[in-house]
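Visitor: pasting a predicted model and its sequence here:
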Amino acid sequence: MSSAPSRVYVARLVGLPIFDPQGDQVGKVRDLVVAMRSEATPPRVLGLVSEVPGRRRIFVPMTRVTNIDRGQVYTTGLLNMRRFEQRSTETLVIGEMLDRRVTVLVDGTTTGETVAGTVYDVAMEQGRTRDWVLSRVAVQEPAKALRRRGQTHVAEWRDVRGLAQSDGEAQGATHLLHALNEMRPADAATMLHDLPLERRTAVVAALDDDRLADVLEEMPEEDQVAILGHMDSERAADVLEEMSADDAADLIADLPPETAEILLDLMEPEEAEDVRRLMSYVEDTAGAMMTPEPVILGTDATVADALAHVRNPDLTPSLAALVYVCRPPLETPTGRLIGVAHIQRLLREPPSTLVAGALDESLESLRPQATITEVALHLATYNLVAAPVVDENGHLLGAVTVDDLLDHMLPPGWRDRALTEGTGRG
């Protein structure tokens with residue numbers, strides 16, 4: 001391995017791009033696989049878990065890694081594309097070591113001073129035999145008195161107790177949560193999917209409701225139902241409220257009817273009403289797949305108002321592409337839809353101009369009964385990423401986006417197809 005740094009901290013590897021010899025990116029680092037030996041003997045690093053296109057995770061042996069430098073990982077390019085499957089003799093550093101409670105021997109002896117804390121990072125080094133091993137452990141003590149953070153220590157592997165084998169004590173999730181929060185929701189969903197059940201349950205319990213909602217939306221239906229099933233009803237209802245109404249409706253439809261009704265009753269009435277309305281439409285129609293909360297403005301709204309609304313970071317790019325001008329009320333179902341305005345057009349208008357003066361008068365609306373094929377033809381014909389859905393009286397019911405369409409056009413189980421095609425390492 002050429003020009004390899006002497007020490008690499010594993011948490012900093014997560015998310016780094018992996019390149020082949022031609023400089024083409026072939027994946028991203030998601031975890032590190034090690035073989036545990038003993039508390040006195042540093043674990044040997046077997047390889048990286050890489051996420052490749054299609055959200056599949058594969059195993060990249062360290063013998064195929066040629067360089068780790070300047071925020072990039074280089075390989076020989078010879079990769080086995082079969083899905084990574086963890087073996088019983090292997091440990092995942094990010095998934096299973098971070099947040100483990102350990103004891104550090106301060107002076108290197110079992111009779112001297114010790115400190116207790118949790119692992120927040122682990123370093124690996126390449127030895128004389130060219131093998132990589134875990135050599136250092138970064139530990140943080142609990143916060144004391146008025147300190148916000150406890151003191152930190154970086155210790156030799158041999159001076160740390162509690163990593164080679166679990167003492168049965170529950171493992172925290174603070175530092176793994178930090179790693180998950182830095183990822184895109186789809187990437188975090190894949191990591192959560194691959195965690196051992198006990199670890200996944202602990203992480204789910206610690207995630208904020210809004211972040212968990214974002215991650216759940218990217219998970220296969222089976223995972224969604226399983227995770228929701230391990231929560232108490234009140235928290236499950238809170239998480240459903242944070243999800244987009246169309247995704248929440250799809251998830252609730254997969255639950256037993258009695259469970260679904262309990263959760264709907266626990267949700268805020270306005271949120272539950274949106275979900276119930278979406279569930280009332282026939283599957284794979286515009287009404288069933290639409291988003292009931294697009295950017296809706298009144299007739300007196302200016303271009304500046306519109307641009308302020310679409311800056312909301314919680315909006316997807318497709319939802320932010322159009323604004324919908326309606327008569328009151330401005331909550332769906334609204335008053336009569338006056339028209340829609342493209343953000344691209346609004347960017348060319350003075351901020352004080354009324355949005356109503358920049359409407360696309362040629363754009364037709366969809367009816368909630370429109371089939372998935374009709375929706376696809378409509379978006380493709382008019383080169384749109386979103387379109388309004390109205391009732392027979394012209395009231396805006398919601399908007400269908402290209403994201404919604406793809407979710408329903410892809411085959412059932414598409415989210416986990418890449419996770420289930422081919423396992424092993426050859």
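Guide: That came through fine.
Visitor: which strands or helices does the lengthiest strand in the chain pack on?
Guide: Criterion DSSP state E: the longest strand present in the chain is strand 114-126. With contacts taken as 3 or more C-beta pairs under 8 Å, 6 or more residues apart in numbering; DSSP states H and E, strand 114-126 sits against strand 8-9, strand 101-105, strand 132-140, strand 152-156, helix 174-181. Where C-beta positions appear, they are placed from N, C-alpha and C, glycine not excepted.
Visitor: now with 7 Å, please.
Guide: Packing partners of strand 114-126 (3 or more C-beta pairs under 7 Å, 6 or more residues apart in numbering; DSSP states H and E): strand 8-9, strand 101-105, strand 132-140.
Visitor: for that strand, which positions count as buried?
Guide: 115, 117, 118, 119, 120, 121, 122, 123, 124, 125, 126 (16 or more other C-beta atoms under 10 Å).
Visitor: what residues are up against residue 335?
Guide: Shown in contact with residue 335 (C-beta atoms under 7 Å, 6 or more residues apart in numbering): 326, 327, 328, 329, 395.
Visitor: ugh, typo on my part, it should be residue 282
Guide: If a contact means C-beta under 7 Å, 6+ apart, then residue 282 has residue 288 as its contacts.
Visitor: how far away is it from residue 289?
Guide: According to C-beta to C-beta, to the nearest Å, residue 282 stands 11 Å off from residue 289.
Visitor: now do residue 373
Guide: 12 Å.
Visitor: next one: residue 88
Guide: With distances taken as C-beta to C-beta, residue 88 is found 42 Å from residue 289.
Visitor: what's the answer for residue 18, then?
Guide: Per C-beta to C-beta, residue 18 is found 35 Å from residue 289.
Visitor: what's the answer for residue 229, then?
Guide: In terms of C-beta to C-beta, residue 229 sits 25 Å off from residue 289.
Visitor: the two: which has the busier surroundings?
Guide: Legend: neighbour count by other C-beta atoms under 10 Å for residue 229 and residue 289, higher for residue 289 (28 against 11).
Visitor: can you tell me the element the nearest residue to that one once chain neighbours are set aside falls in?
Guide: Setting aside the residues directly before and after it, residue 289 is nearest to residue 404 in space (C-beta to C-beta, 6 or more residues apart in numbering), at 4.4 Å. Assigned by DSSP states H and E, residue 404 falls within helix 402-409.
Visitor: and the contacts of that helix?
Guide: With C-beta under 7 Å, 6+ apart as the test, helix 402-409 has contacts from 246, 284, 289, 290, 291, 316, 318, 372, 375, 376, 379, 385.
Visitor: which residues does the last one contact?
Guide: What it means is residue 385. By C-beta under 7 Å, 6+ apart, the neighbours of residue 385 are 318, 321, 401, 402.
Visitor: the first one: neighbouring residues, count only.
Guide: Under the neighbour criterion other C-beta under 10 Å, residue 318 is assigned a count of 20.
Visitor: quick one: residues contacting it.
Guide: When contacts are counted by C-beta under 7 Å, 6+ apart, residue 318 touches 385, 386, 401, 402, 403.
Visitor: again, but for the third one
Guide: Under the criterion of C-beta under 7 Å, 6+ apart, the contact partners of residue 401 comprise 291, 316, 318, 319, 385, 386.
Visitor: distance check, the first one against residue 341.
Guide: Looking back up the chat, that one is residue 291. Distance, residue 291 to residue 341, using C-beta to C-beta: 18 Å.
Visitor: more neighbours, these two?
Guide: Taking neighbours as other C-beta under 10 Å, residue 291 and residue 341 compare with residue 341 leading, 26 against 23.
Visitor: shouldn't that one be within a strand?
Guide: Yes - remark: residue 341 belongs to a strand, assigned using DSSP: H, G, I helix; E, B strand; the rest coil.
Visitor: burial count for the spatially closest residue to residue 152 that is not a sequence neighbour?
Guide: Distance criterion C-beta to C-beta, 6+ apart; nearest residue to residue 152, sequence neighbours excluded, is residue 140 at 5.0 Å. Other residues lying near residue 140 total 18 when counted by other C-beta under 10 Å.
Visitor: does residue 140 really touch residue 117, like I thought?
Guide: Yes - counting by C-beta atoms under 7 Å, residue 140 does reach residue 117; the two are 5.1 Å apart.
Visitor: pull up the overlap in contacts between these two.
Guide: Common contacts of residue 140 and residue 117, defined by C-beta under 7 Å, 6+ apart, comprise residue 150.
Visitor: any idea which element the residue nearest to residue 74 when sequence neighbours are not counted lies in?
Guide: Sequence neighbours aside, residue 67 is the residue nearest to residue 74 in space, at 4.2 Å (criterion: C-beta to C-beta, 6+ apart). Using DSSP H and E, residue 67 sits within strand 65-69.
Visitor: pLDDT (mean, whole number) over that strand?
Guide: Mean per-residue pLDDT for strand 65-69: 89.
Visitor: could you pull out the buried residues of it?
Guide: Buried residues in strand 65-69 (16+ other C-beta under 10 Å): 65, 66, 68.
Visitor: out of the residues you listed, who's nearest residue 198?
Guide: Residue 198 has its nearest neighbour among the buried residues of strand 65-69 in residue 65, at 30.2 Å by C-beta to C-beta.
Visitor: neighbours around the spatially closest residue to the closest one that is not a sequence neighbour, how many?
Guide: Leaving out its chain neighbours, the residue that sits closest to residue 65 by C-beta to C-beta, 6+ apart is residue 75, at 5.6 Å. Using other C-beta under 10 Å, residue 75 has 22 neighbouring residues.
Visitor: repeat that for residue 62.
Guide: Residue 62 is flanked by 20 other residues according to other C-beta under 10 Å.
Visitor: and it, what pLDDT?
Guide: Looking at residue 62, the pLDDT reads 93.
Visitor: list the contacts for it?
Guide: Residue 62 is in contact with 45, 46, 47, 132, counting by C-beta under 7 Å, 6+ apart.
Visitor: please settle this for me: is the second one part of a strand?
Guide: Yes - secondary structure assignment places residue 46 in a strand (three-state DSSP).
Visitor: leaving out chain neighbours, which residue sits closest to it?
Guide: Closest residue to residue 46 apart from its sequence neighbours, by C-beta to C-beta, 6+ apart: residue 33 at 4.6 Å.
Visitor: show me what that neighbour is bridged to.
Guide: Taking DSSP bridges as the rule, residue 33 bridges to residue 47, residue 92.
Visitor: which residues does it contact?
Guide: 46, 47, 49, 59, 90, 92.
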